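Asks: starting from these lines, generate the structure:
(one chain, ligands or ions: 2)
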Amino acid sequence: MDARLEAIRNTVLARNPGEDEFHQAVTEVFESLGPVHDRHPEFLEGAVLERLCEPERQIIFRVPWTDDAGRVQINRGFRVEFNSALGPYKGGLRFHPSVYLGIVKFLGFEQIFKNALTGMPIGGGKGGADFDPRGRSDAEIMRFCQSFMTELYRHIGEYTDVPAGDIGVGGREIGYLFGQYKRITNRYESGVLTGKGISWGGSLVRPEATGYGTVIFTEEMLKTRGQSFDGQRVVVSGSGNVAINAIAKAQSLGAVVVACSDSSGYIVDEAGLNVALLRQIKEVERGRLKDYAVRRSAVAYVEGGSVWDVDATVALPCATQNELGGEAAARLVRNGLIAVGEGANMPSTRHAIAVFQDAGLLFGPGKAANAGGVATSALEMQQNATRDSWSFEYTEQRLTEIMVGIHRRCETTADEYGAPGNYVLGANVAGFVKVADAMLAQGLI
Ligand code: NDP
Ligand code: 2IT
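Replies: Ligands and ions are numbered 1, 2, ... in the order given. Reported below is the predicted structural model:
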């Protein structure tokens, strides 16, 4: 890492002790930015990096609620409003027991550059709670969401901060959150949340957008080497919103997706995963993946194992951070992997990324590859602002154009900085320069 940037990074780490994931995300971005600061000394003079690493505002709050047995439960809620240089803070809410400030800050930090890459007018933020939705009834989920919004509502708004979903937060939760926001404020402010239901202000394609976008981005990478998804053997991790829609899109392009996972284990279906059955089990029944193996013949279910033990030519990690480590990466590379498209945020460890890059693989980092979700959220905001609703075909076409544009931006930026094919550098530099220019133009704020 450039010595000037390393000094700044060390200060950021010391100021934010114990936030390992945030440290990891900062380090990974800083490693790309040395050459940018040679060309743009004004970024150092204006202390852009120091400002970028300090969120504009961080909110931590108590979320009290009662479970179905009448017991009082207390969770911790977060919203980190990281950077508003390009637009209102924008980013998802994650409900998962592992959530703490370090995770919300890594996600919020990544979101700044991701959102910049989309070309849409959105700043970066993220939030969530250490609430575990697993095994909770609809009524418990609703009471939790209502309590969460009873604090959050005063910090968000169409022009201020626009949350959406992430792990553990999908259409059901956005519905309860929106209902409570409307009830408290007495305003039907559609643009305050994205990922809404289609009959009350949502956008077609938003549910599919992250997974579809990841595959579209990866297809663009493959095209640069005269390849495509057609005929590839694909492994996907996770079986949530991003994973299922990535599986569907990859199959529509001719890939055979043989495996996916949840936090309990993974399934291998050599005939190709049945997306309708996956949707039935995961989206309708909110069940576990092992049910898939019970209902379909010739399917292996491996309890507790890593899906990265399954060979693939294309890997799409779509579950969670640091799920794909160096050893798994090395094994996949030895066994014929040619491309990785990150649907999740920071799923590959730094060691794994180094293995992929040293092997000369196509590696699409999350902040570029999974930007289709937030980009389509911005399209939802656009429809809300004009009280319009677009067709599936038109919205999907916009998503495709955006993903192709992000790919091109990463590619040309990497070329411009003498690192052809390095999408990590391309994404970090292109996202950063856009935000840095806007921050300097807006003065010392
Ligand atoms: P979901 O909650 O719909 O699904 C998450 C999936 O990942 C589930 O299969 C879950 O398994 C698995 N998973 C979660 N945590 C872990 C863990 N600690 N260990 C193993 N498996 C785990 O979330 P999404 O699909 O929305 O999000 C997946 C990833 O994509 C996240 O990294 C998210 O930040 C990222 N992302 C999401 C976007 C969106 O629009 N939703 C946009 C861009 C990125 P289980 O059910 O067993 O917990
Ligand atoms: O990580 C992400 O980009 C998301 N969870 C989606 C955020 C959004 O505002 O749609």
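Asks: stretch 151-158 near ligand 2 at all?
Replies: No - contact of stretch 151-158 with ligand 2 (Cβ under 6 Å from any ligand atom) is absent, the minimum separation being 11.8 Å. For glycine as for every other residue, the C-beta is placed from the backbone atoms N, C-alpha and C.
Asks: what's the end-to-end length of that stretch?
Replies: 17 Å (Cα to Cα, to the nearest Å).
Asks: just use 3 as the starting number from now, easier for me
Replies: Sure, I'll start numbering at 3, so the last one becomes stretch 153-160.
Asks: pull out the buried residues from it.
Replies: Within stretch 153-160, the residues that count as buried by 16 or more other Cβ atoms under 10 Å are Glu153, Leu154, Tyr155, His157, Ile158, Gly159, Glu160.
Asks: likewise stretch 39-49?
Replies: For stretch 39-49, the neighbour count (16+ other Cβ under 10 Å) marks His39, His42, Phe45, Gly48 as buried.
Asks: wait, the last one touches Leu442, no?
Replies: Think Gly48. Yes - counting by Cβ atoms under 8 Å, Gly48 touches Leu442, with 5.2 Å between them.
Asks: separation between the closest residue to ligand 1 within the chain and Val435?
Replies: Across the chain, the shortest distance to ligand 1 (Cβ to the nearest ligand atom) belongs to Gly242, at 1.8 Å. To Val435, Gly242 is 33 Å away according to Cβ to Cβ, to the nearest Å.
Asks: neighbour count for these two, which is higher?
Replies: Taking neighbours as other Cβ atoms under 10 Å, Gly242 and Val435 compare with Gly242 leading, 23 against 19.
Asks: the more buried one contacts Arg281, doesn't it?
Replies: No - Gly242 lies out of contact with Arg281 (Cβ under 8 Å); the separation is 11.3 Å.
Asks: what does the stretch 153-302 of the chain put close to ligand 2?
Replies: Checking the stretch 153-302 of the chain against ligand 2 by Cβ under 6 Å from any ligand atom, the hits are Ala166, Asp168, Thr196.
Asks: quick one: the helices in the stretch 53-202 of the chain?
Replies: Remark: helices assigned in the stretch 53-202 of the chain by DSSP state H, counting those that start in this stretch are 103-120, 140-154, 173-187.
Asks: briefly note if the last one comes near ligand 1.
Replies: Spelled out, it's helix 173-187. No - counting by Cβ under 6 Å from any ligand atom, ligand 1 has no neighbours in helix 173-187; the shortest distance is 10.0 Å.
Asks: with the second one instead?
Replies: No - Helix 140-154 lies out of reach of ligand 1 by Cβ under 6 Å from any ligand atom, never closer than 12.8 Å.
Asks: shaky segments in the stretch 203-352 of the chain?
Replies: Counting by pLDDT under 70, the stretch 203-352 of the chain contains no low-confidence segment.
Asks: around ligand 1, pick out the residues from it.
Replies: Counting by Cβ under 6 Å from any ligand atom, the stretch 203-352 of the chain sits next to ligand 1 at 212, 240-245, 264-266, 320-322, 345-347.
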